[in-house]
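S.K.: Would you be able to build a 3D model of this:
(chains A, B and C)
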Amino acid sequence: MTYKFHWEVPLQNLPAFFWGALATLEISALAVFIGLFIAIACALARLSKYPALRRAATAYVEVIRNTPLLVQLFYVYFGLPTIGINLSAFSVAIFALTLNCGAYCTEIIRAGIQSIHRGQTEAGLSLGMTRWQVFRYVILMPTLRVVWPPLASQFIATLLGSSVVSQISAEELTYAGSLLESRTYRTFEIFFAITIIYFVMSQVFSLLSYLTGRRVFRQAWGQL
Amino acid sequence: MPEIFIAFSYKDILFLLQGALVTIALCAMAASSGLILALAIGLMRTAQRFRFLRWPAGVYVEIFRGTPLLMQIFIAYFGLSILGLNLPRFVAMSIPLILYTGAYMGEIVRAGIEAVPRGQREAGLSLGMTYGHLLRYIVTPTAVRVMIPPSVGFLVQLVKGTSLAYVVGYVELTRAGYIVSQSTYATMLVFTLVGAIYFGICYPLSLASQRLELRLRRHA
Amino acid sequence: MLKLENVHKWFGSLHVLKGVSFEVSRGEVVVIIGRSGSGKSTILRCINGLEPIQQGRIEVDGDLVEAHSRQVRHIREKVGFVFQSFNLFPYYTALENVSLALRIVKKKPAAEAQKIAEEMLARVGLSDKLEAYPDRLSGGQQQRVAIARALAMSPELMLFDEVTSALDPELVGEVLKVMQDLAEGGMTMIVVTHEMGFARKVGDRVLFFHEGEIAEQGSPEQIFTDPRHENLRTFIQSIL
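M.R.: From the prediction side, this is the model:
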């Protein structure tokens, strides 16, 4: 093995990676946040009594879930200008990631609502609760509790998946790596370091979501 | 608009389909080799006698599930050339996919083994069976049935994952689409086709996975 | 043939067995009664090594029982165990459930294993259900298959862990009949149960467990008509 490792390359460029990681977090957080609104709307659409709504939402979800994120990204990146919308690569990245995340979150929310719904609503109504009270105490709280772990997983998946937006030169962590790589050609060391950063981020968020989940859990019980 | 249709011919469609074949070949390779790795990982994670095996497998799973597949491909691809290994590109591309499959399928295997009720294992033990007997005759029938729906679901993930071979210039379906779009300028048409082909491969698998899941739930 | 000396067991910090000692001779039918949590199921699981003990000795026919060891397997070939939740193997037919261990543990050829399995299932009255899968059998039938499965191994000692507690009342009788026939045939049995009628009719000796110890023991008549221990008296009153 005649390759000499130049670990000082990534080490000297940590600030660039730091800003890249921040951008990655920003993109992922936005994607999940906005995606959640889409998800709630689509989940309700899938559970509604209007077949047209159901089919539209299902089509959206199935198309996104059965095509690669990279292809979706290219589609949006090349497609938006043809209908006159010119966004920065960064915005395109958020757009595509949001659409992607929205579809996966729809399934999570739908499963959450369905896991609670049935007889509990009837029980609440029989106790004299109003529809709004039933929604708030019998459906919403338990659904949040059920939905929290998979949503946290989805956030981490989005975080890791966001690395593909580097392919349209959106400025985040992986792209920072490729910029550095085109200058120094130290591909292996750079991306090894970046992988460690991704790993640390995913572990930290995994831990945070676990701890938060336990607090929400106990909090919910207290309120009920 | 008409120029687009002139530039794009059925030869381009053939090129795309060739890319699709490469995608499927990569998946087949990753799935079959990855399954063997996954069985090993899953067994290590549930080891009873040699408990120390649990944590290396656990670390392996955490690493490959906690890092982007894109990075895994980069590191494997460039790492291999550093090590001086000049493997054929197909093999070089398969290795990170196999490791990825090993981690995700490993968890599926683990869940399958743990899905076997404790009572059945105790019944087997009470009849004098060894751990090996238990695995082969008691755990396997139940575990395999439990593992099938999520495994089919993972295949969908794998197919989508092969699209990342694009980033190292390997020609599979996505890279083929990019190449065609560059030469014909019919970008939207090309990527719609690419998306449709992926959908055509993945959607039946997704449906099958959902149906298998329902069948499993009804029998349990 | 079975000897327990001063057996202690803890689950974490919970002391579930506090110095249990008793002996069982060949052909004897010992019935164990007591409240939930008194340790009666636990002691049974310790005898065939499913649960480890922290102090004391358990000997089956002179062999020491050590849970999680390699030798315990050989003891288990001599000791049959029937579970409260049957634990039949769901993807095997009744016949296969009974013959499986014969083939892979006792290494009998397939034809011989099948013959023995058919005999055992005939003994418990299920000759017409050989090809049935467990999900097609009633609770009582499943439990009888479980008994046949344990019997097929020609055990010298049979352990029954509340085997009728999970059954609907009308199915209990068929299982108890099988157990009675076994006892009359001379099998050494330890039965943990709430079925007091069975204890009186079939038992040679009754052990009353209370909070991890044997609080009282004696013949069925003694225990049921003249209980001495106060807890035993309240227990019997609450059952009858």
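
S.K.: I'd like to know how many residues surround the closest residue to chain C within chain A.
M.R.: In chain A, the residue that lies nearest chain C is A:Arg214 (22.2 Å; C-beta to the nearest C-beta). In short, each C-beta sits where N, CA and C put it, glycine included. Close neighbours of A:Arg214, defined as other C-beta atoms under 10 Å in any protein chain shown, add up to 11.

S.K.: can you pull the buried residues of whichever strand or helix holds it?
M.R.: Secondary structure from DSSP states H and E places A:Arg214 in helix A:187-223. Neighbour-count burial for helix A:187-223, counted by 16 or more other C-beta atoms under 10 Å in any protein chain shown, picks out A:187-195, A:197-199, A:201-202, A:205-206, A:209, A:220.

S.K.: so what does that helix touch, helix or strand wise?
M.R.: Judged by 3 or more C-beta pairs under 8 Å, 6 or more residues apart in numbering or on different chains; DSSP states H and E, the packing partners of helix A:187-223 are helix A:8-12, helix A:14-47, helix A:141-161, helix A:173-184, helix B:69-82.

S.K.: buried ones in the next helix or strand after the last one?
M.R.: To tie it back to what came earlier, the one meant is helix B:69-82. Per DSSP H and E, the first helix or strand lying C-terminal to helix B:69-82 is helix B:89-114. Along helix B:89-114, these residues count as buried under the neighbour rule (16+ other C-beta under 10 Å): B:92-113.

S.K.: any idea how far A:Thr195 lies from A:Leu173?
M.R.: Per C-beta to C-beta, to the nearest Å, A:Thr195 is found 10 Å from A:Leu173.

S.K.: where does chain A have low pLDDT?
M.R.: A:1-2, A:117-118, A:217-224 (pLDDT under 70).

S.K.: Check which helices and strands the helix or strand bottoming out on mean pLDDT in chain C sits against.
M.R.: One helix or strand of chain C scores below all others by mean pLDDT, DSSP states H and E: helix C:230-239, with a mean of 79. Using 3+ C-beta pairs under 8 Å, 6+ apart as the contact test, the elements touching helix C:230-239 are strand C:205-210, strand C:213-218, helix C:220-225.

S.K.: Please identify the deepest-packed of the ones you listed.
M.R.: strand C:205-210 (a mean of 23; mean count of other C-beta atoms under 10 Å in any protein chain shown).

S.K.: Please identify the pairing partners of that one and their relative orientation?
M.R.: Note on strand C:205-210: by DSSP bridges, its sheet partners are strand C:29-34 (parallel), strand C:213-218 (antiparallel).

S.K.: give the contact list for C:Glu97.
M.R.: In this structure residue C:97 is Asn, not Glu. C:Leu88, C:Phe89, C:Pro134, C:Val145, C:Arg149 (C-beta atoms under 8 Å, 6 or more residues apart in numbering or on different chains).

S.K.: so which pair among these is furthest apart in space?
M.R.: Using C-beta to C-beta, the two most remote members of these are C:Pro134 and C:Arg149, lying 11.0 Å apart.

S.K.: higher neighbour count, these two?
M.R.: Shown here are C:Pro134 and C:Arg149; by other C-beta under 10 Å, C:Arg149 has more neighbours (31 against 19).

S.K.: Now name the helix or strand holding the more buried one.
M.R.: Assigned by DSSP H and E, C:Arg149 belongs to helix C:139-151.
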